[in-house]
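> Just to be clear, the model below is a prediction. Sequence and coordinates:
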Amino acid sequence: AAGMAVGYARASGKVGVLNVHTFVGIGGAMATLLDAYRGGIPLIVTAGNGDTNAVIREGGLSGDLVTLGKTFSKWSAQVDHASNLGLIIRRAFKVATQPPTGPVFIALPQNIMNENIDFAYEANPPLSFSRRRPDQESIERAADLLAKAQKPVVMLGPGVAKHQAIPEVIELVELIGAPAFIPGMSSDTLFPTTHRQFMGASTGSPDARRLTEAADVTVAIGTQPTATKNVIQIDSDPWELGKNAPVAAAIEGDIKLSVAELNTALKKRMSASDRQVARGRAENITVEKEKLKANWLAQAEKERNPSAEGPMPASRLAQELAKVLQPGTVVVDESWSYSPTMLQYLEFPEPNHYFRHRGVSIGQGMPIAIGVKLAMPDKPVVALIGDGSAAWSCQSLWTAAHYKIPVKFVIIHNASYRLVKQNKMRQLGEQVRNKSLGLDLEDPVIDFPQMAKSMGIKGQRVDHPDKLEKALKSVLESDKPELIEVPVEGRI
C-alpha cells in the first residue's frame, strides 16, 4: 500500500494518501516511507491507535505513534479531540505540499473515530503557496563560474521533476554545451533520453565516470553533488545545500525559477564566440554518445547466441523490450544492477515515463507500478523487476489481479541479489566470486509464473531469446495484469 501511494503521488503530481493498521502497519511500511521522506514525496499517512484512555495500559494495538511517525515525516500529530480533525487534516495537506514536500503522519485514536462531529472542510486553493525566488547574488556567482567553464557537467535529481523545471534545464544544458546525467540508479530519467546531450546515469559506465570526473564546473540540480570542485548546487530545500561537500555557489529557491534566472544571467555574459564554443562542446558530446551507443550494440552482438537456451544477456532483453514497447509506455524500473543496461536501449523522449524508487530499500517497484497505473490509467505501464525485489513484494500480484489493474510485470531472474554481490566483490575481492554469501535465491529457485498463477495472474517463463519478442508482444497486448519471467546472465 505504501508503494502504491508513492507511485500514485509521483505520477499524478498530487498528494498520495495511505492508511495503515496501527504501529504494525507503520512498521511494515517504514522502509518505503523513509525513502519517501528522503525523496520529498508528498503523502498523508494515517494509522489507527488505541483508545486514548487505554494507552497507559500499553494495550497490544496502542503506542506512541506520534514519535514513531516523526522518523519518516515532516510533521507528526495525533487527533486527541474530534473538533480538531478538520484543522489537522488541512494542516497536513499544507505541510505535505509546501516545499520541501514530504510525508505527514496523523494518528487516529479509536475513541476519537467513534465520535460524531459536524464541520465544513475548506481546502487550501491550488498554488496557494508562493514559489521562492533565488538570491540574486548567488545567481550571479554561479553565472560567473559557468561562463568561464570549459568542461561543465549537469547532474539532475528528483527536484527537477517536482518543480517542473525540465524546459529550463534543457535550455541551460544547451546554452553551456554540457552533458546531462542522472546521479545513479535510484533516480528517475528527468531529461529526454533522446536529447543528444543526455548521457544516462553517472555511475552507469567507466565512460560516464570519466566525463563527470573531468568536469571543471558541476551543476547539481535537485540532487546531492558527488564532485567537490567548483560545484553549483540548486535546491528548494536549504538543508540540502552544501550538506555533504563544499559548494562554490549555493542557490536556494524554486528550482524552475532558479534555473530560469541562471539562464538569463548567463545569456548576458556569453558572447557570440562563447556560444559557438558551447555549441562545439555539444557536438562533441553527441559524437561521444554515438560512440558509446555503437560500443553497446557491438557488445550486445558479441553476447548474442541464437542457439542458447537458458539465461540470456541483459542487453538482449533490453533490445527486445525496445522493439515492442509502444510510444508513451511508462516503465517502472527496479532491476537494480541491470538498470544502466535498460537505459542504454530504452528511449523516453517525454518526462514522467520512467520511474525508479527514490532511495535504497528493496521491493518497491511492483507496488509503485500499480500506483503509477492508477494515476495514469490511459498509459500502458510495464514494471521491470529483479527477482530479489519481486520476492519482497510479491503480494502486489494479488492486488493487481483483485482490482484488475493491468500492469505488466517483467521479472528479470538471475536467482541472486546481484548488486549486493557486486558490492561484496568490490569490498573483499575475487575471493568471494562464485560464493553464495547468503545472497543466492536457489535451492529452491523461486517460480514466479507459478506464483502469479496462484494469485490470479497469467504467468509465463521465456528461456530462449528468439521467443522473447513474441511473448512480450502477447503480454503487452493483454488488457489484464500479466507476468513474464526472463532468466538473464549475470551470476557472480
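Right, received. Where do you want to start? None of the values given here were measured: they were computed from a predicted structure.
> Strands of the stretch 51-200 of the chain, start to end?
Secondary structure of the stretch 51-200 of the chain by DSSP state E, counting those that start in this stretch: the strands cover 75-78, 103-109, 152-156, 180-182, 198-201.
> Isn't residue 174 up against residue 282?
Yes - the pair residue 174 / residue 282 is scored as a contact, 6.7 Å apart, by Cβ atoms under 8 Å. Placement of C-beta: from N, CA and C, glycine included.
> shared neighbours, the two?
residue 197 (Cβ atoms under 8 Å, 6 or more residues apart in numbering).
> burial of the nearest residue to residue 255 once chain neighbours are set aside, as a residue count?
The shortest distance from residue 255 to any residue other than its chain neighbours is 3.8 Å, reached at residue 163 (Cβ to Cβ, 6 or more residues apart in numbering). Around residue 163 there are 25 other residues, counting by other Cβ atoms under 10 Å.
> ok, residue 163 to residue 248 distance?
Residue 163 is 22 Å from residue 248, where distance means Cβ to Cβ, to the nearest Å.
> The residue nearest to residue 255 contacts residue 221, doesn't it?
No - in this structure residue 163 lies outside contact range of residue 221 using Cβ under 8 Å: 9.2 Å.
> Can I get stretch 397-410 in PDB, CA atoms only?
This file holds the C-alpha atoms of stretch 397-410, laid out as PDB (Å, rounded to 0.1, in the frame of the first residue of the first chain):
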ATOM      1  CA  LEU A 397       0.400  -9.500  -7.900                       C
ATOM      2  CA  TRP A 398      -2.800 -10.400  -5.900                       C
ATOM      3  CA  THR A 399      -3.600  -6.700  -5.600                       C
ATOM      4  CA  ALA A 400      -3.300  -6.200  -9.400                       C
ATOM      5  CA  ALA A 401      -5.400  -9.200 -10.100                       C
ATOM      6  CA  HIS A 402      -8.100  -8.400  -7.400                       C
ATOM      7  CA  TYR A 403      -8.600  -4.800  -8.600                       C
ATOM      8  CA  LYS A 404      -8.000  -5.600 -12.200                       C
ATOM      9  CA  ILE A 405      -5.100  -3.200 -12.600                       C
ATOM     10  CA  PRO A 406      -3.400  -4.200 -15.900                       C
ATOM     11  CA  VAL A 407       0.300  -3.700 -15.100                       C
ATOM     12  CA  LYS A 408       2.700  -5.900 -17.000                       C
ATOM     13  CA  PHE A 409       5.400  -7.400 -14.800                       C
ATOM     14  CA  VAL A 410       8.700  -8.500 -16.300                       C
END
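> that older thread, where does the residue nearest to residue 255 fall, phi/psi-wise?
Backbone geometry at residue 163, expressed as degrees, to the nearest 10, gives phi -100, psi 10.
> Could you measure from it over to residue 178?
For residue 163 relative to residue 178 (Cβ to Cβ), the value is 19 Å.
> looking only at pLDDT, what's the mean for the lengthiest helix in the chain?
Ranked by residue count and defined by DSSP state H, the top helix of the chain is helix 272-303. Average pLDDT, helix 272-303: 93.
> what helices or strands is that helix leaning on?
Applying 3 or more Cβ pairs under 8 Å, 6 or more residues apart in numbering; DSSP states H and E, one finds that helix 272-303 contacts helix 166-176, strand 198-201, helix 206-213, helix 314-324, helix 339-345.
> can you give me the offset of stretch 418-435 from its chain's centre?
Mean C-alpha position of stretch 418-435 versus that of the full chain (Cα atoms, centre = their mean, to the nearest Å) differs by 26 Å.
> ok, and for it, which residues are buried?
418, 419, 420, 421, 424, 425 (16 or more other Cβ atoms under 10 Å).
> what does stretch 341-354 give?
Neighbour-count burial for stretch 341-354 [16+ other Cβ under 10 Å]: 341, 342, 343, 344, 345, 346, 348, 351, 352, 353, 354.
> looking at it, residue 449 is touching residue 483, isn't it?
Yes - judged on Cβ under 8 Å, residue 449 makes contact with residue 483 at a distance of 6.3 Å.
> And the two? Which one has more around it.
residue 483 (27 against 18).
> Could you please name the strands the helix or strand harbouring the more buried one pairs with and the direction of each pair?
Here residue 483, judged by DSSP states H and E, is contained in strand 482-487. If you go by DSSP bridges, strand 482-487 pairs up with strand 408-413 (parallel), strand 458-461 (parallel).
> circling back: mind listing the shared neighbours of residue 163 and residue 221?
By Cβ under 8 Å, 6+ apart, the residues touching both residue 163 and residue 221 are residue 255.
> And for residue 365, nearest residue in space, chain neighbours not counted?
In space, and not counting its chain neighbours, residue 365 is closest to residue 334: 2.7 Å by Cβ to Cβ, 6+ apart.
> correct me, but residue 376 touches residue 11?
Yes - using Cβ under 8 Å, residue 376 is in contact with residue 11, at 5.3 Å.
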